[in-house]
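Undergrad: Compute the structure for the input listed below.
(3 chains)
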Amino acid sequence: MDKNRYLKVLCKLLIYLVVLITSVVMLLPFLWMISVSLKPAGQVYEYPPRFIPSTFNFENYRTAWTRANFSLYFKNTVIFAVIGTFLTVISCSLGGYTFAKLRFPGKEVLFGIILFSMMIPFSSVLIPLFLIVKNFPLAGGNNIFGKGGIGLINTFSGLILPGIVSGYYIFLFRQFFSMLPDELIYAARVDGCSEFRIFLQIILPLSKPVLATVSIFSFMSRWNALLWPLVILTDPKKRTLQVGLAIFQGEQLTGAQWNELLAASAIALIPTILIFLLGQKYFTTGIALTGMKE
Amino acid sequence: MKRRIFVVVLGLIGILLVSNSLWAYGAEVTLRIWDTAAPLRDPFRKIIFEKFEKENPGIKVEFEGIPWGQFMEKIITSINAGTAPDVIRFGYAPRFASRGMIIPLDEYIKGRDGIKLDVYAKGALNAAHMWDGKIYALPHNLVPYGVFYNLDLLDKAGAAIPKSLEEFNTLARKLTKRDAKGEFIQRGLQVSEYPDYILMWLYNRGARDVDRYDHSVKSFILNSPEGVQGLIDIANLFKEGIAIFAQNEQAFVTGYTAMWATQSNDAYMFRPEVYPKFRFAFSLLPPPRGKKAVLTGVCRDGTFIPVTTKNRDLAWKLAKAYSSKEATALLYQGKYGTLPPFKDVLQKPPATPAYEFYQKDPFLVNLVQIALRGLVSPVYHWHMEGEEIGNIMKEEFGNALRGIKAPKQALDDMARRVNDILQRSR
Amino acid sequence: MAQQSKLLKREIYSAYIFLSPIFILYFVFTIIPVGMSIYLSFTNYSGFGFPKWIGLDNYRYTINDDLSRKALVNTIYFAVGSVSLNTVLALLLAVLLNHPLKGRAIFRNIIYLPVVTPMLAAAFVWKFIYDPSPSGLLNYLLGFLGIPSQQWLGDVRFAMPAVIIMSVWKGVGYNMVIYLAGLQGIPDQLYEAAELDGASSLYKFIYITVPLLKPVTTFIVITSTISAFQAFEQIYGMTEGGPVNSTLTLAYLIYIRGFRSLKFGDASALSVLLAIMVFAFSILYIRRIARES
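TA: Sure thing, here's the model as predicted:
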């Protein structure tokens, strides 16, 4: 009896230990980032390295925020993330609902095409996407064949439009909506409700969890996006935070400037942590939805 | 239902338009110019542009500094997108010229508002500024390669700056120290991991990378016996742990490495304003006893005009002003190692406070003597496929110095791959 | 009856309207680029001007090119390393966190935290952790174990493992949460029945947990592999493909071949090959699992 309980307690302690160590490993880089970002240049490479800096020097943050224009990039990124998320949620929820609840010919094929999109590596379409945006007809000085001007390069539309449709979110919405009872919909149909009104006034109010989840995921993914904004935005005043960070790294000319770079990285990174802490439950329920069997 | 859809679509378009205007800034009618991001040069640039604006009323100059690492992509995407500036000062002009992305400057050089080409120092105007027999870029600066020496560590070892390769190797060995456990506490040499600096050793033995210094070159010949010997020279230093690859200036300024083989303008990283007590000297990599010193460096940077530029006459004016003797003398005052490409500025620097520094500093005097003897840039700096060639050279040199391949094997593979590219290109 | 068919017609009509925005965007920004990618791979498009048709030349070059081969090997190395490590750790952590522990929600969130952060910023932090000087965090911590300072990202032996470890740190929380959800779906009775038969924890794990999680594992392996084949930002931030191209992945090579070497034709050929690899892998894996079950 006693030995059994002893083993159980030992087991529990062991589990705690492993989980605790893992958590420390997960958090350590962030804490180190903040620590270095508060150090003056001379302390960056001191030996032995100090974990808690001797002075809390926000100079590096000030440098990134003002001289390196991170305040501007922050604003740009917020606008980009909010509007992009809004458009994504509208279009993908509509699409997901259609696949979940509406009957129409070609449903499986079309859904297969959407799933197919999830398998295309972004690197494979980066270059043509750039050319398409540049040669977009009737935009930015282009004629109807898309020649002559700069198309949607460096524009907000060019930045946002390619990323609105995501097979992943359509899939998520479909999973969620397919769990809603059909009777609600049938009843409303019989009552003469249009499909769009059904979606708007019946389905959406019941979908707050999935809407919140996709909104948060989409927001984060746009906040963190690097490659497309890097390629499409040529005006420094339009840069997003991650692009600004990449440029900032290019401007580091000496080895000791890690403190500045990590302060800039913190500006790019900490908002995502804050959003996560505020909306934790939406993350985990959302992922659970995808892991579930069809 | 139809009306609902219409309203929704209208609303969405409205959102896009509103956000577009929140986002966009009005375009100005000015001349835009790009150069590499170098905060220390910005005050001089300001002076140059203000002078230009005063002499050309009605024109405004807008400058943007681009980080070196992103410059290539920015030029490509912006010329493609039509958002390129009117003038660019970068390098690698043949890569753009060969693809029709920048304009030849010959007619402007020979025209009324032109320039005389004999003012340039030897080797300043070279294949890095030309393509297909035409000039595409105005030379902008010279950057010699060599070795920085930590004078304090040399003094402590009772040594002078080595005059032969044999003295150099002995010194490097002497300055490499281990502790009781066998761990290295000091290294003789750090080498920046770019082909340029490793090439110093190969050139030192008399090797050349290509057989001709223009774009008709079809033969990469670095794997000659001299080249192999040169690579073995430096590979031995790595093998014994005397030399390591440098990440940045940290190991050098803290005295972990006693010497640094790199380009002269890396002196920027340990300039007196930042490290006032750090004593250093710069010199060529000394030749083997009995051989003549060989000079390595780049005259690669230049000012060029994208093909998308609308106002070419005005752009030429700006390009000329930015590359003039006065402008380059101001930008490259010999401080931090970069030099202007003009013969008489190098021979007789102006008597201004900035150049007083230049004349008193033995480090810079060496540099100037080097530059006046003429520099020839390694092939990947001026060839149209230079990016790929450079990658291959960096990889194979890395293989040799990290002991992954024998030097001869690495050079043979390098030659095979580079010759492939040379054959494949136009 | 008539009313039903009218309703059905309206349903179909609405369905197509609802799907039109996403399919229009999808067509313009996904289908057309894929087609263009294939087209460009047969041309010598050099980033400007008109592409000229050159047939299979790019493919011939790419298949024989040392650098492409190296990138392929590196990408497979990275994918195998990161996916296997990630999957195993995620499963272990999920099983551990499945126990009723105090504060397990907090631990779960902490382990998930790196997932939400931007990859580039995290890459910079890790680059400094891997700094070769003795004051680099990793070198300093390992110093307590008597291990001498290493170059990490500058050492050919360690660079790719270092990148793999960083990627696993970044992504394990995501898979762990999926596994956690999957574990919830295993009924307790199965465990209880096994316990009555005298089964040990290890036995329960191997013969109940793992088999029942197979569909979840499939999903995780496929999605992790697809994203591993696209690894770009961590390379961009930490190593730029080095040292001696030992961390050069296919996605990174495509990018620099296009945007630095101006060889868009070659880059497109590479991207077509990459896409084919991803499809082939997904289909083969799914088929194998389907056959097994």
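Undergrad: Which residues are in contact with the closest residue in space to B:Asn366 that isn't next to it in sequence?
TA: Distances taken as C-beta to C-beta, 6 or more residues apart in numbering or on different chains put B:Ser283 closest to B:Asn366, at 5.7 Å, once the chain neighbours are dropped. Placement of C-beta: from N, CA and C, glycine included. Going by C-beta atoms under 8 Å, 6 or more residues apart in numbering or on different chains, B:Ser283 touches B:Gly146, B:Val147, B:Tyr149, B:Ile161, B:Asn366.
Undergrad: Output those residues in CSV, with secondary structure appended to each entry.
TA: CSV is the format used below for the contacts of B:Ser283 (DSSP: H, G, I helix; E, B strand; the rest coil):
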residue, secondary structure
B:Gly146, strand
B:Val147, strand
B:Tyr149, strand
B:Ile161, coil
B:Asn366, helix
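Undergrad: of all the residues you listed, which comes closest to C:Ala269?
TA: Proximity of the contacts of B:Ser283 to C:Ala269 was ranked by C-beta to C-beta; the top entry is B:Gly146 with 41.5 Å.
Undergrad: Mind pulling up the pLDDT for the residue lying closest to that closest one once chain neighbours are set aside?
TA: Among residues not flanking B:Gly146 along the chain, B:Leu284 sits closest, at 4.9 Å (C-beta to C-beta, 6+ apart). pLDDT, B:Leu284: 85.
Undergrad: And B:Leu284, its phi and psi?
TA: When read as degrees, to the nearest 10, the backbone of B:Leu284 gives phi -70, psi 160.
Undergrad: For A:Tyr47, grab phi and psi.
TA: Torsion angles, degrees, to the nearest 10, at A:Tyr47: phi -130, psi 130.
Undergrad: Which strand residues bridge the residue nearest to B:Asn366?
TA: In this entry, B:Ser283 is beta-bridged to B:Val147, by DSSP bridges.
Undergrad: which residues of the stretch 151-294 of chain A score low on pLDDT?
TA: Within the stretch 151-294 of chain A, the segments meeting pLDDT under 70 span A:288-294.
Undergrad: Would you mind confirming that B:Phe168 is in contact with B:Pro288?
TA: No - assessed by C-beta atoms under 8 Å, B:Phe168 is found out of contact with B:Pro288, at 9.6 Å.
Undergrad: pretty sure C:Val34 belongs to a strand, no?
TA: No - C:Val34: not assigned to a strand; according to three-state DSSP it is helix.
Undergrad: check contacts around it.
TA: A:Ile120, A:Ser124, A:Val125, A:Pro128, C:Ala275.
Undergrad: For the spatially most central residue of chain A, identify the helix or strand it belongs to.
TA: Geometric centre of chain A, nearest residue: A:Ser221, 1.2 Å, by C-alpha atoms, centre = their mean. Assigned by DSSP states H and E, A:Ser221 falls within helix A:208-223.
Undergrad: And for B:Gln186?
TA: If you go by DSSP H and E, B:Gln186 is part of strand B:184-192.
Undergrad: So whichever helix or strand comes after that strand, near chain C or not?
TA: Of the helices and strands lying after strand B:184-192 in sequence (DSSP H and E), the nearest is helix B:195-204. No - Helix B:195-204 lies apart from chain C when judged by C-beta under 8 Å from any C-beta of the partner chain; the minimum separation is 12.0 Å.
Undergrad: average pLDDT across helix B:195-204?
TA: The average pLDDT for helix B:195-204 rounds to 94.
Undergrad: Could I have the CA atoms of that helix written out in CSV?
TA: Once non-C-alpha atoms are left out, helix B:195-204 reads as follows in CSV (Å, rounded to 0.1, in the frame of the first residue of the first chain):
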residue,chain,number,x,y,z
PRO,B,195,35.8,34.9,-50.9
ASP,B,196,37.5,38.3,-51.2
TYR,B,197,39.6,37.9,-48.2
ILE,B,198,40.6,34.3,-48.7
LEU,B,199,41.6,35.3,-52.3
MET,B,200,44.3,37.4,-50.8
TRP,B,201,46.3,34.3,-50.0
LEU,B,202,45.8,32.9,-53.5
TYR,B,203,46.7,36.1,-55.2
ASN,B,204,49.7,36.3,-53.0
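Undergrad: re the thing from before, name the residues of the strand holding B:Gln186 that are buried.
TA: B:Arg187, B:Gly188, B:Leu189, B:Gln190, B:Val191, B:Ser192 (16 or more other C-beta atoms under 10 Å in any protein chain shown).
Undergrad: Where does confidence bottom out across these?
TA: Within the set of these, pLDDT is lowest for B:Ser192 (92).
Undergrad: Who is that residue paired with across the strands?
TA: Beta-bridge pairing of B:Ser192 under DSSP bridges involves B:Ala246.
Undergrad: Tell me where the longest helix sits in the chain.
TA: Here I'm looking at chain A. Within chain A, and with DSSP state H defining each element, the longest helix by residue count is helix A:2-37.
Undergrad: um, chain C though
TA: Chain C, longest helix under DSSP H: helix C:66-97.
Undergrad: returning to what we had before: give me the residues contacting the strand holding B:Gln186.
TA: Here strand B:184-192 has contacts from B:147, B:153, B:171-179, B:197-198, B:234, B:237, B:241-246, B:251-252, B:255-263, B:266, B:401, using C-beta under 8 Å, 6+ apart.
Undergrad: Alpha carbons of it, as CSV, please.
TA: Only the C-alpha atoms of strand B:184-192 are listed here, as CSV (Å, rounded to 0.1, in the frame of the first residue of the first chain):
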residue,chain,number,x,y,z
PHE,B,184,42.3,28.5,-27.0
ILE,B,185,42.4,31.8,-25.1
GLN,B,186,43.8,33.8,-28.0
ARG,B,187,43.9,33.3,-31.8
GLY,B,188,46.4,34.7,-34.2
LEU,B,189,44.0,35.6,-37.0
GLN,B,190,40.4,36.0,-37.8
VAL,B,191,39.2,36.0,-41.4
SER,B,192,35.8,37.4,-42.6
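Undergrad: tell me the SS of B:Pro85?
TA: Using three-state DSSP, the structure places B:Pro85 in coil.
Undergrad: residues near residue 67, how many?
TA: Because you didn't say which chain, this covers chain A. Neighbour count of A:Arg67, defined by other C-beta atoms under 10 Å in any protein chain shown: 10.
Undergrad: right idea, wrong chain: chain C
TA: 20.
Undergrad: ok now do it, which residues does it touch?
TA: C:Leu67 is in contact with B:Asn391, B:Ile392, B:Glu395, C:Asn245, C:Leu248, C:Leu253, counting by C-beta under 8 Å, 6+ apart.
Undergrad: possible to save the residues you listed as TSV with secondary structure, pLDDT and distance to B:Tyr213?
TA: Below are the contacts of C:Leu67 laid out as TSV (DSSP: H, G, I helix; E, B strand; the rest coil; pLDDT from 0 to 100; distance: C-beta to C-beta, whole Å):
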residue	secondary structure	pLDDT	distance to B:Tyr213
B:Asn391	helix	93	21
B:Ile392	helix	94	19
B:Glu395	helix	95	23
C:Asn245	coil	94	27
C:Leu248	coil	95	30
C:Leu253	helix	94	29
